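A.B. asks: build me a model from this:
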Amino acid sequence: MPLDSSPAAAPGPDIPTPHPVQPGLLELFLAFAKMSLAGFGGVLVWARRGIVDQHRWMTAEEFNETFALCHFLPGPNIVNLSVVFGARFGGILGGLAAFAGLVGPPMVIATILAAIYARYGEVDALRRILTGVSCAAVGLLIAVVLRMMMPLVRKRDAAGMIILAAVFIAIGWLRLPLPAVLLVAVPLSLLITYLVRQRVPS
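C.D. replies: Numbering: from 1, shown residues only. Reported below is the predicted structural model:
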């Protein structure tokens, strides 16, 4: 190599992009249809896997923030997530495409299963099968909750973990009303986050 030639630049570290390519309407529909068909009893698990891990349309932090927002909108959280997510990339049509993919295919299958269950629901073997399915759904839900906690753990966000534990104890253990807990927890978490960021030097 000539002496006056500059050395080759070392490749820099890969910087992950949360959503390098915006999904189209058909891609939104198919993605949420796949999530819904894979996630009977637990679509949140497959929604996070598809959006964050598979397609990388959102980072883990963005997913957590969007899902948290959906808790304060009327209606089922996962349905709200599909509309908010689809509208983010495709406007009103994107929201409708994601919503149709999430709700459409399972509605058809659930209608068929409801008719079958109405006829054969008293069969003991079917009851045992449904009990096993419910256990698997609970396991999947616990797994995705732990994965959604990882951004807080990696950031060592002690305040966030304390609020998370307090809300869990208040709702899951003490059985306090959900609206009352949220009315206290949400302003408190916003205040703590603001104070922490004010203390961090820019």
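A.B. asks: use CA for all of it now, contacts and neighbours both
C.D. replies: OK.
A.B. asks: find the nearest non-adjacent residue to the spatially most central residue of the chain, please.
C.D. replies: The geometric centre of the chain, computed from its C-alpha atoms, lies nearest to R48 (Cα atoms, centre = their mean), at 4.4 Å. Leaving aside its sequence neighbours, R48 sits nearest to F63 (Cα to Cα, 6 or more residues apart in numbering; 7.3 Å).
A.B. asks: how far does the worst-scoring helix or strand of the chain on mean pLDDT sit from its chain's centre?
C.D. replies: Sorting the helices and strands of the chain by mean pLDDT, DSSP states H and E puts helix 124-154 at the bottom, at a mean of 74. With Cα atoms, centre = their mean, to the nearest Å as the basis, helix 124-154 stands 14 Å off its chain's centre.
A.B. asks: before we move on, the earlier item: secondary structure element holding the residue nearest to the centre of the chain?
C.D. replies: helix 43-48 (DSSP states H and E).
A.B. asks: need the residues that contact that helix.
C.D. replies: F32, M35, S36, A38, G39, F63, I78, L140, L141, A143, V144 (Cα atoms under 8 Å, 6 or more residues apart in numbering).
A.B. asks: of all these, which two lie farthest apart?
C.D. replies: F32 and A143 (20.0 Å; Cα to Cα).
A.B. asks: what's the spacing between A114 and G172?
C.D. replies: Using Cα to Cα, to the nearest Å, A114 is found at 30 Å from G172.
A.B. asks: my error: substitute L178 in the last question.
C.D. replies: For L178, the distance to G172 - Cα to Cα - is 10 Å.
A.B. asks: equivalent analysis for Y194, please.
C.D. replies: From Y194 over to G172 the distance is 27 Å, taken as Cα to Cα.
A.B. asks: go on, V108?
C.D. replies: Distance from V108 to G172, by Cα to Cα: 33 Å.
A.B. asks: try V144
C.D. replies: 17 Å.
A.B. asks: give me the more crowded residue out of these two.
C.D. replies: V144 (17 against 11; other Cα atoms under 10 Å).
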